[in-house]
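>>> Show me the folded form of this:
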Amino acid sequence: MTDAEPPQRPQRWALTVVLTLLLAVLSWYALAHRPSPPGGPAVAATARAAAITFFTFDPTNPDATADQVLAMSTGQFRTDYERQSGALIGKIRQRGLEVTANVPDDGVAVEYLDRDRAQVLVLINTSTKAGTSAAEPGTYRTRVVLSRVGGSWLLSGLESVG
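Numbers count the residues shown, from 1 in each chain. Coordinates of the predicted model:
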């Protein structure tokens, strides 16, 4: 009687590689197909509008911009802005500053979102003109903090980032 060779077992390393690849594919699939947080598009749109409004001033009617910012804000941010907006409006009128702002299509990223609070990173491009001088471009990276008040997202903070 001859000794038969024992059946070949797959190499352990091959099994480890296959399992690792399977885990990587499943992880990628789960991340790629996870649902967006509820309210994400509304939060991004509100942050975009708040940043554009905050950074835009018309020297002929800066009160209108200040009123718009107050209408879309809440909490301590609103209180502070209301207290400081008079001096800001005075400087804008005195210098004849015209500031326009825009946010590129890919310039908004929701950084944090829960039921009542959101943090959104916004890239703002500005053009500032004083009187008859040439317009000067500027770029700002801002964290827009929003709070949900009664079903609406309102501006509750602005922070400069990097």
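
>>> hey, C-alpha coordinates of stretch 83-91 in CSV?
Listed next in CSV are the C-alpha coordinates belonging to stretch 83-91 (Å, rounded to 0.1, in the frame of the first residue of the first chain):
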residue,chain,number,x,y,z
ARG,A,83,-23.7,96.3,18.6
GLN,A,84,-20.8,96.7,16.1
SER,A,85,-22.6,97.3,12.8
GLY,A,86,-23.1,101.0,13.4
ALA,A,87,-19.3,101.6,13.4
LEU,A,88,-18.8,99.3,10.5
ILE,A,89,-21.5,101.1,8.4
GLY,A,90,-19.8,104.5,9.3
LYS,A,91,-16.4,103.2,8.0
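
>>> what comes up buried for that stretch?
Going by neighbour count (16 or more other C-beta atoms under 10 Å), the buried part of stretch 83-91 is 85, 88-89. Every C-beta, even on glycine, is put in place using the N, C-alpha and C of the backbone.

>>> Check stretch 93-107 too.
Neighbour-count burial for stretch 93-107 flags 97-99, 101, 103, 107 (criterion: 16+ other C-beta under 10 Å).

>>> Now do the contacts for the nearest residue to G107 once chain neighbours are set aside.
Once flanking residues are discounted, G107 sits nearest to L123: 3.7 Å by C-beta to C-beta, 6 or more residues apart in numbering. With contact taken as C-beta atoms under 8 Å, 6 or more residues apart in numbering, L123 is in contact with 103-104, 107-108, 139-142.

>>> What is the most widely separated pair among the residues you listed?
V108 and T139 (14.4 Å; C-beta to C-beta).

>>> of the two, who's got more company?
Taking other C-beta atoms under 10 Å, V108 and T139 do not tie; V108 has more neighbours (18 against 9).
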